[in-house]
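J.: mind looking at a prediction? Sequence and model below.
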Amino acid sequence: MGKALRIGGALVLVLALAASWMWWRTLAWTGQLTSLKPHFDGQCESIEGIAGAEDIVIDHGAGLAYISSHDRRNRRSAGAIWVMPLNAPDTAHRLALHGYDSKRFSPHGIDLWVGKDGTRRLFVVEHGDWSQSRIAVFRIEDGGLVFDHAVTDPLIRRPNDVAAAGEAAFYVTNDLAAPYGSRAEFLEVLLRKKGGNVVYYNGAKARIVFDHVGYANGVQLNNDGRILYVGASGDQSVRFFDRDRKTGALALKDELVLHTGVDNIDVDPDGVLWVAAHPKLLTFSRHAKSARVRSPSQVIRIDPQKKTIKEIYLSLGDPLSAASVVAHFDHTLLMGGVFDPRVLVCAMTPPSHAEQD
């Protein structure tokens, strides 16, 4: 009896130590043990009333920013696409949807395609009533969005972000393998399983072009369409892919590990990457359930030529919690979050000549 008790006690101790080690490891990789020092060299203005500005894309030629907005804590609510003039951010307003059921509109990632003739199309990850997600394509006409077509496919199972690659072609990230709302969702993230992937749609057919990604998130093409950038929250990295522009095929070129929960990626006119990230992922999970829990916001600048990485902005969650996107123009950052009802317009202090050199 005594021997059995000793063996049982030893097993309990081993299990307790294993559980403690796994929990410590989880706290470490999710950033919960990291000390954060908020900073930003500039001033921010808050534009209120734009709920859950999860993604932003800038039309630099037109001087406009398009914003994907949805109250994601209330999936029954209707989302919207907002347009914000860069020279007058406080005049941002919702765009009318023509030919599409706006009552079930649940936008997520977005991207802009500008044709050679100047026509503009907005590609939208659209979850609808969450029974069948799709990529909806709208023509931007007369200050509104005119529905053109939508793409559904079994391979587009959990779309997160989209990168327009032509008038009808695009790349899309599926973040996880687990179904929406399942218990497996949290475990897939917590255990860092690689159930995400990247799908390419050539205008007629979809296929997986990169697989086994730990929570595939932001996706963006560079300015000449030769390189695709893919952010992964679980892998905490940004991958660089050489892209065959005829076939859409990808070849992994490089990977930068950022040690943070990478979200959306913006490529500015100079080819610089601006990455929004979540440095404390478990805090973000708690924030998703309650607005009272503030989640840190982080902005990282990446020079893809020099492979330099610089943290530009870091807050503990105020005035914007859980920033999911940052877009850059003229020394100014536009920042949106997954849940907060605002967009930040942040003017950066221009670098000195010494810093530029």
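T.: Ah, there it is. Residues are numbered from 1 along each chain as shown.

J.: tell me who's in contact with the residue lying closest to Asn202 once chain neighbours are set aside.
T.: Leaving out its chain neighbours, the residue that sits closest to Asn202 by C-beta to C-beta, 6 or more residues apart in numbering is Ala169, at 5.2 Å. Just so you know, the C-beta spots here come from the backbone N, C-alpha and C atoms, and that holds for glycine as well. Contacts for Ala169 (C-beta atoms under 8 Å, 6 or more residues apart in numbering) come out as 200-203, 248.

J.: of those, which belong to strands?
T.: Using DSSP state E, the members of the contacts of Ala169 that fall within strands are 200-201.

J.: which one of the contacts of Ala169 is nearest Trp82?
T.: Tyr201 (25.9 Å; C-beta to C-beta).

J.: OK, contacts around that closest one?
T.: 135, 151, 153, 156, 168-172.

J.: what helix or strand is the residue nearest the centre of the chain on?
T.: Nearest to the mean C-alpha position of the chain, by C-alpha atoms, centre = their mean, lies Asn264 at 2.9 Å. Assigned by DSSP states H and E, Asn264 belongs to strand 261-267.

J.: ok, now Gln298?
T.: strand 297-303.

J.: output that strand as CSV - backbone C-alpha positions only.
T.: What follows is strand 297-303, C-alpha atoms only, in CSV (Å, rounded to 0.1, in the frame of the first residue of the first chain):
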residue,chain,number,x,y,z
SER,A,297,-1.0,47.5,-29.6
GLN,A,298,2.3,47.3,-31.5
VAL,A,299,3.6,48.6,-34.9
ILE,A,300,6.7,47.3,-36.5
ARG,A,301,8.5,48.7,-39.6
ILE,A,302,10.4,46.3,-41.8
ASP,A,303,12.7,47.3,-44.6
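
J.: that older thread, export the contacts of Ala169 as a markdown table, with columns for pLDDT and distance to Phe284.
T.: A markdown table is the format used below for those (pLDDT from 0 to 100; distance: C-beta to C-beta, whole Å):
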| residue | pLDDT | distance to Phe284 |
| --- | --- | --- |
| Tyr200 | 98 | 29 |
| Tyr201 | 98 | 29 |
| Asn202 | 98 | 34 |
| Gly203 | 97 | 35 |
| Gly248 | 98 | 32 |
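
J.: can you tell me which of the contacts of Ala169 are buried?
T.: Buried members of these, counted by 16 or more other C-beta atoms under 10 Å: 200-201, 248.

J.: backbone dihedrals for the closest residue to Leu228 other than its chain neighbours, please?
T.: Excluding the flanking residues, the one nearest Leu228 by C-beta to C-beta, 6+ apart is Phe241, at 4.4 Å. Phi and psi for Phe241, reported as degrees, to the nearest 10, are phi -120, psi 130.

J.: Phe241 pairs with what?
T.: As for beta bridges, Phe241 partners with Leu228, Leu252 under DSSP bridges.

J.: and it, what does it touch?
T.: Neighbours of Phe241 in contact, by C-beta under 8 Å, 6+ apart: 210, 227-230, 250-253.
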